[in-house]
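[1] Have a look at this prediction, sequence included:
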Amino acid sequence: MKKTIKHKTAFVLVDMQTDVGSKKAKRAIIPHQVAILKDCIRLSIPVVIVEFEGRGATHSELTDAISGYQHGHIIQKCGWSALRETTLAKILTDFRVDTFLLGGIEACACLYDTASDARPQGFRVVVCGDLTAGYERRYAGSNRRDLWQTLGVHYLENRGAAHRFLEAS
């Protein structure tokens, strides 16, 4: 039986490739991301994995988690924002998504630019600390919440809060 999309929420995962960002930081967040991907599949929530072109493949734990999922997409980007010169906005619009949970690496660059581009395109963004990593001290402690609040992005501290957000969406 084919599941239909009931939610107006998606999970967008950015730059989780072997040649992007700190290996240590990725090791810390990949298990949380895999758990959220499983939640998305169980809840029929669309998933878009965005790869920075030319920077290697997305970690296999993540792509394996959505393998065969009919609402899972992998797209490429050339610049920092996943919403500039990509098919991300079209995919989200086709699914009638108005809000996306954003995760990935390099929060102070690619994730920040993606979140900055979201509002003018009509999307609301939610970010979870357990699903994101950035430049060591620049993206630690209260700096995390402060970074996202400057953009008007809703910030969740941990995977449990992200799970509850997806369940309620």
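    It's in.

[2] per-residue confidence averaged over the lengthiest strand in the chain?
    For the chain, the strand with the greatest residue count under DSSP state E is strand 124-132. Averaged across strand 124-132, pLDDT comes to 94.

[3] got a list of contacts for it?
    13, 29, 32-33, 36, 98-105, 107, 111, 114-115, 118-119, 139, 144, 148, 151, 153-159, 161-162, 165 (C-beta atoms under 8 Å, 6 or more residues apart in numbering). No exception for glycine: its C-beta is placed from N, CA and C like everyone else's.

[4] Out of these, name the ones that lie in strands.
    13, 99, 100, 101, 102, 103, 104, 154, 155, 156.

[5] Just send those back as a markdown table, with neighbour count too.
    Converted to a markdown table, these look like this (neighbours: other C-beta atoms under 10 Å):
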| residue | neighbour count |
| --- | --- |
| 13 | 27 |
| 99 | 17 |
| 100 | 27 |
| 101 | 25 |
| 102 | 26 |
| 103 | 30 |
| 104 | 29 |
| 154 | 14 |
| 155 | 18 |
| 156 | 20 |
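
[6] ok, of these, which one's closest to residue 48?
    Nearest to residue 48 among the ones in strands among the contacts of strand 124-132: residue 13, at 7.2 Å, using C-beta to C-beta.

[7] and the gap between the closest one and residue 150?
    22 Å (C-beta to C-beta, to the nearest Å).

[8] Pull out the buried positions in the least confident helix or strand in the chain by mean pLDDT.
    In the chain, no helix or strand scores lower on mean pLDDT, DSSP states H and E than helix 142-149, which sits at a mean of 77. Buried residues in helix 142-149, counted by 16 or more other C-beta atoms under 10 Å: 144, 147, 148.

[9] what does stretch 71-78 give?
    For stretch 71-78, using 16+ other C-beta under 10 Å, the buried residues are 71, 72, 73, 75, 77.

[10] ok now do residue 84, which residues does it touch?
    Applying C-beta under 8 Å, 6+ apart, the residues contacting residue 84 are 77, 113, 117.

[11] hang on, the last one packs against residue 85?
    No. No contact is recorded between residue 117 and residue 85 when judged using C-beta atoms under 8 Å, the distance being 10.7 Å.
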